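# Okay, here's the prediction I keep looking at, along with the sequence it came from:
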Amino acid sequence: MVQVVVQEESLGDGLLAESRLFSLTEKLEIVRLLALAGVRRLQLGSFVNPRSVPQVANTDVLVSMVRRQYPDLLCTASVGNEKGLKRALHSDLEYLSVPVPVSDTDSRKHSGRPAAEVMETATRLIATAAVEVVHVQAVVQCAFGCAYEGEVSEVAVLDVVGQLADAGAKGVSLADTTGMAHPLQVKHLVARVRDAHPDIELALHLHDTRGLGLVNLYAGYEAGVRVFEVAAGGVGGCSFVEGAPGNIATEDVVHLFQGMGVDTGIDLTQFCRAVEYFETLLERPLPGRISRVLHG
């Protein structure tokens, strides 16, 4: 049976758009429910300045507690500068993600820095992490289009991926940050990246902004991708289209693969309990579909 890796990002990327701050106790309960459901790869947050992003202020403590209680979980977190990397290494994480923009306009809008400067920082972080024998998955943002610049050329994406690979990245995630991708575009870009870098673990981080999330994910699967970054309930918004959904819902992805006979290792019924808990805390329904179907 074909197997895929479902990387759960609800506690990391998923919560960044939420103004309601999650306590350490609540996050630990979410981890417990996700682990019970069979999740084995989990993003726990980001090592950034907690004054800028209060939602991830307890990432250090959360990582320490989860690694102690769930030693079989592959835990990851995002870093964007040297201070964050130092904190992550101190937490003994063996797997990290480093975001890298393709679009210069997007980079300046959201980080206040040109893309070339962010890339320079990212390659330093990746090289340092490689020395520490830490697996780095570089996240190529706006790989399928930019809300400000429009189309992003495949040549530009391949150039970025090449620099990241040369720096020592073991994995690359192509992120449809704006939700602009379509299936043929996904298949074509995935094929070109795989041909150019066959030894790199390739992942997809897709958004459902325009309703094509699952279709694009399937296109990526058909093109050979076996790692997918998703979030329980589809938690996480889209900063470019107000009210639009962001991340693809993990349970919808599990249901898709289950119907195809592809193994995710996740129990769908148990996973929906984690979705229910998220909805209870947020006091609203999340955009994922299968949880509503199963409990309807």
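Cool, the structure landed.
# Please count neighbours and contacts with C-alpha atoms only from this point.
Noted.
# for stretch 9-21, which positions count as buried?
Buried residues in stretch 9-21, defined by neighbour count with 16 or more other Cα atoms under 10 Å: Glu9, Ser10, Leu11, Gly12, Asp13, Gly14, Leu15, Leu16.
# So what's the gap between the helix or strand containing Ala129 and the chain middle?
Using DSSP states H and E, Ala129 sits in helix 115-131. From the chain centre to the centre of helix 115-131 is a distance of 19 Å (Cα atoms, centre = their mean, to the nearest Å).
# Now do it: which elements does it pack against?
The criterion is 3 or more Cα pairs under 8 Å, 6 or more residues apart in numbering; DSSP states H and E, and the helices and strands that helix 115-131 contacts are helix 82-90, strand 95-101, helix 104-111, strand 135-141, helix 154-167.
# and it, which residues are buried?
If you call a residue buried by 16+ other Cα under 10 Å, then helix 115-131 has these buried ones: 115-116, 118-119, 121-130.
# nearest to Gly213, of the residues you listed?
Nearest to Gly213 among the buried residues of helix 115-131: Ala115, at 25.9 Å, using Cα to Cα.
# pLDDT wise, what is the closest residue in space to that closest one that isn't next to it in sequence at?
Nearest residue to Ala115 in three dimensions, chain neighbours excluded: Asp104, at 4.7 Å (Cα to Cα, 6 or more residues apart in numbering). We note a pLDDT of 93 for Asp104 in this prediction.
# now swap in Leu89 and tell me
So, for Leu89, pLDDT stands at 93.
# Which element, helix or strand, includes His188?
Going by DSSP H and E, His188 is in helix 183-196.
# any idea of the angle that helix forms with helix 154-167?
Angle, helix 183-196 to helix 154-167, by axes from the mean of the first three to the mean of the last three Cα atoms, to 10 degrees: 40 degrees.
# what mean pLDDT does stretch 230-249 have?
Stretch 230-249 shows an average pLDDT of 76 in the prediction.
# Between its first and last residues, how far does that stretch reach?
Using Cα to Cα, to the nearest Å, the end-to-end distance of stretch 230-249 comes out at 6 Å.
# Spit out the contact partners of the residue nearest the centre of the chain.
Centroid check for the chain by Cα atoms, centre = their mean gives Glu229 as the closest residue, at 4.3 Å. For Glu229, the contact set (Cα atoms under 8 Å, 6 or more residues apart in numbering) comprises Val6, Gln7, Glu8, Glu9, Ala203, Leu204, His205, Leu206.
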